[in-house]
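**Q** Below are the sequence and a predicted model for it; my questions follow.
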Amino acid sequence: MHLTVEDVRSRFLKHFDGTPGSVYASPGRINIIGEHTDYNGGFVFPGAVKQGIIAEIKPNGTRKVRAYSIDLKDYVEFSLDDEKGPTATHFRFIFGICREMMKLGVPVEGFNTAFAGDVPLGAGMSSSAALESCFAFALNDLFGDNKIEKFQLALAGQATEHNYIGCNCGIMDQFASVFGKAGHIMRLDCRSLQYKYFPFDPKGYKLVLLNSLVKHELASSAYNDRRKSCENVVTAIKKYHPNVETLRDADYDMLEQVRGEVSAEDALRAKYVIGEKYRVMEVSVALEEGDYEEVGRKMYDTHHGLSKEYEVSCPELDFLNEVAKSCGVTGSRVMGGGFGGCTINLVREELYDNFITTAKNAYKEKFGKEPVVIDVVIGDGSRKLC
Ligand code: GAF
C-alpha cells in the first residue's frame, strides 16, 4: 500500500468539521547493522524508509485531543491535562508525545487529528517511532515555533516508549525517523548522538526485507529483559573497571573476568553485544570502501549472534536466513528488536528474482504462508507535507 496525503485528508475532512489542517509525515526505518547496540551506548546504521505515518492535524481551541486512527477505524478523545490518558496503545503514543512535548516547554493545545500508516505493524520497521516522531515534529511546528531541536524530538519519542508504553528502547528508531535523508543511511553514535550520513547506493545490489509475518506477543517484556541482562553485566564489570558505563566500553577480557559473577544467560547476551560492537566498526570501514561483500558477511555474523546468543530470532527468521544463504545472498539477518518481523537482505541484482521466488515457495511449504517482500527505498525523515 502506498499512502498519500489525499487518503488522509479526505478522512480528516469527513471525520471532523470539513476544514483542512496541516499534514505531516514521518517514516519507519531499516538498519544495516548495529542491533541492540543503541541502549548499550554503541553505534547503529539506520536509514529511513519511504513507508511511514501521515497525520493531518488542526488545533481545535480546547484542551482536548480528538484522534481518529484511519487504519483501525478507532476514535478517542482525551484531555491534555489528564494524567493517565487513553488505554489503546495506538492512542497512547499520541498522548505520551503530547505530555513529553509539554515537559519540554511546548505550549501544546487541543487538536483534531486523523492519521494512517503504511509501515507494516510488528515487522521490526518501527511503526511506533514513525508515529511518535510524526506528532513530535508536528506539535513543535504547530505550537512550539519549531524551537525544540530535532534530537530532542527523537528523545521525546523515546521517552514516550519508556514512560507510556513500557518499552525501554534505545534511541535508534526515533532518531532515524526524525533525521532520515533520502538515499542515505547514517552512522549514529548512540552515546553522543553525533551522526554522519553515508550515501547508500550499492551498485549491483538490492536491499530487500522479507516479512515473516510473525509477531511476538511479549516482545516488549523480552526486549526489556535483554536490556536488563546487559545492565547486569555492566554492574559486575564496573566493580573492576569503574569507567565502564555501558557494554560499549567493555571487551571480551572484561566479560571473562566477571563470568562467575553473572548468570550464563547474561554473559551470553553480553558476548553478542561486544561482538556486534566490533562488527559495526568493521562495517563502517567496509561501507566507506564500498565493500558490500564484507558488509554482507558481517550481516550473517550478526544474525548468528542474534539467534544463538542474544536469542531474539525465531524458527521462521532462521529459516529465511538459511534460504538466503543457500541462494547466495550477500548478507541476511533479522532486523530490529527481533522476536518476529523481517529479515533484511543484501542481494546481488542477478540473484534477486531467484531468491524471492525460492524464499516464497520454501516458506510457504514450511509455514503455510508466503513472506511479504518489501523492496527498500531510503526516504526522508519527519517533515511537513502541506
Ligand atoms: C527496537 C528498539 F526500539 C531500538 O531502540 C533498538 O534497540 C532495536 O530494537 C534493536 O536494535 O527497534
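**A** Here it is on my side, so go on.
**Q** okay, CA-based contacts and neighbour counts for the rest of this
**A** Noted.
**Q** average pLDDT for stretch 366-378?
**A** Taken as a whole, stretch 366-378 has an average pLDDT of 98.
**Q** Just the buried residues of that stretch, please?
**A** Neighbour counts over stretch 366-378 (16 or more other CA atoms under 10 Å) mark 370-371, 376-378 as buried.
**Q** could I get these as a markdown table with distance to the ligand and secondary structure?
**A** Formatted as a markdown table, the buried residues of stretch 366-378 follow (distance: CA to the nearest ligand atom, whole Å; DSSP: H, G, I helix; E, B strand; the rest coil):
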| residue | distance to the ligand | secondary structure |
| --- | --- | --- |
| Glu370 | 23 | coil |
| Pro371 | 20 | coil |
| Val376 | 17 | coil |
| Val377 | 19 | coil |
| Ile378 | 17 | strand |
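**Q** mind checking how far Pro242 is from Met254?
**A** 12 Å (CA to CA, to the nearest Å).
**Q** Pick out whichever of these two has more residues nearby.
**A** Met254 (18 against 11; other CA atoms under 10 Å).
**Q** Need the three-state assignment for the more buried one.
**A** helix (DSSP: H, G, I helix; E, B strand; the rest coil).
**Q** quick one, what contacts it?
**A** Residues near Met254 by CA atoms under 8 Å, 6 or more residues apart in numbering: Ile237.
**Q** what's the single nearest residue of the stretch 51-200 of the chain relative to the ligand sitting at in phi/psi?
**A** Closest residue of the stretch 51-200 of the chain to the ligand, CA to the nearest ligand atom: Gly170 (3.4 Å). Main-chain dihedrals, Gly170, degrees, to the nearest 10: phi -80, psi -160.
**Q** hang on, it packs against Gln158?
**A** Yes - in this structure, Gly170 is within contact of Gln158 by CA atoms under 8 Å, at 7.0 Å.
**Q** Comparing those two, which shows the higher neighbour count?
**A** Ranked by neighbour count (other CA under 10 Å), Gly170 and Gln158 place Gln158 first, with 26 against 21.
**Q** That one contacts Ala176, correct?
**A** No - counting by CA under 8 Å, Gln158 does not reach Ala176; the two are 11.8 Å apart.
**Q** and the residue in the stretch 201-350 of the chain positioned nearest to the ligand, helix, strand or coil?
**A** Among all residues of the stretch 201-350 of the chain, Gly337 sits closest to the ligand, at 3.2 Å; criterion: CA to the nearest ligand atom. Here Gly337 is coil, with the state taken from three-state DSSP.
**Q** which residues touch the nearest residue to it once chain neighbours are set aside?
**A** Leaving aside its chain neighbours, Gly337 sits nearest to Gly124 (6.3 Å; criterion: CA to CA, 6 or more residues apart in numbering). Applying CA under 8 Å, 6+ apart to Gly124 gives the contacts 335-338, 340-342.
**Q** List only buried entries from the residues you listed.
**A** 335-338, 340-342.
**Q** and of the residues you listed, the nearest to Asp189?
**A** Of all the buried ones among the contacts of Gly124, Asp189 sits closest to Gly336, with 16.8 Å by CA to CA.
**Q** Give me every residue in the stretch 251-386 of the chain lying close to the ligand.
**A** 336-337 (CA under 6 Å from any ligand atom).
**Q** Next: the stretch 101-250 of the chain.
**A** Residues of the stretch 101-250 of the chain lying near the ligand (CA under 6 Å from any ligand atom): 169-173.
**Q** give me that answer again for 8 Å
**A** Residues of the stretch 101-250 of the chain lying near the ligand by CA under 8 Å from any ligand atom: 124-126, 129, 167-173, 223.
**Q** ok, which pair from those residues is furthest apart?
**A** Met125 and Asn168 (16.9 Å).
**Q** ok, those two, which is more surrounded?
**A** Between Met125 and Asn168, counted using other CA under 10 Å, the more crowded position is Met125 (28 against 20).
**Q** Contact partners for the more buried one?
**A** Taking CA under 8 Å, 6+ apart as the test, what Met125 contacts is 28-30, 119, 335-336, 342.
**Q** want to throw those residues into TSV with pLDDT and secondary structure?
**A** Output for the contacts of Met125, formatted as TSV (pLDDT from 0 to 100; DSSP: H, G, I helix; E, B strand; the rest coil):
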residue	pLDDT	secondary structure
Gly28	98	strand
Arg29	98	strand
Ile30	98	strand
Val119	96	coil
Met335	97	coil
Gly336	96	coil
Cys342	97	strand
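**Q** Could you pull out the helices in this protein for me?
**A** 5-15, 89-103, 127-143, 150-160, 172-179, 219-238, 252-257, 264-289, 292-304, 315-326, 349-367 (DSSP state H).
**Q** Quick one: closest of those to Gln194.
**A** Proximity to Gln194, assessed across those by CA to CA, is greatest for helix 150-160 (9.9 Å).
**Q** That closest one - contacts with which helices or strands?
**A** Contacts defined by 3 or more CA pairs under 8 Å, 6 or more residues apart in numbering; DSSP states H and E place helix 150-160 against helix 89-103, helix 127-143, helix 172-179.
**Q** what's the average pLDDT for it?
**A** pLDDT averaged over helix 150-160 gives 98.
**Q** cool, and stretch 47-59?
**A** On average, stretch 47-59 scores 98.
**Q** Now that stretch: buried residues?
**A** Result for stretch 47-59 [16+ other CA under 10 Å]: buried residues 47-59.
**Q** Around the closest residue to Gln158 other than its chain neighbours, how many other residues sit close by?
**A** Excluding the flanking residues, the one nearest Gln158 by CA to CA, 6+ apart is Ile171, at 6.1 Å. Look at Ile171: counted by other CA under 10 Å, it has 26 neighbours.
**Q** ok, back up a step: may I see the helices and strands packed on helix 150-160 organised as CSV, with mean neighbour count and mean pLDDT added?
**A** Converted to CSV, the helices and strands packed on helix 150-160 look like this (neighbours: other CA atoms under 10 Å; pLDDT from 0 to 100):
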stretch, mean neighbour count, mean pLDDT
helix 89-103, 21, 97
helix 127-143, 26, 98
helix 172-179, 31, 98
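**Q** pretty sure Arg199 contacts Lys181?
**A** Not quite, residue 199 is Pro, not Arg. No - taking contacts as CA under 8 Å, Pro199 lies outside contact range of Lys181: 9.3 Å.
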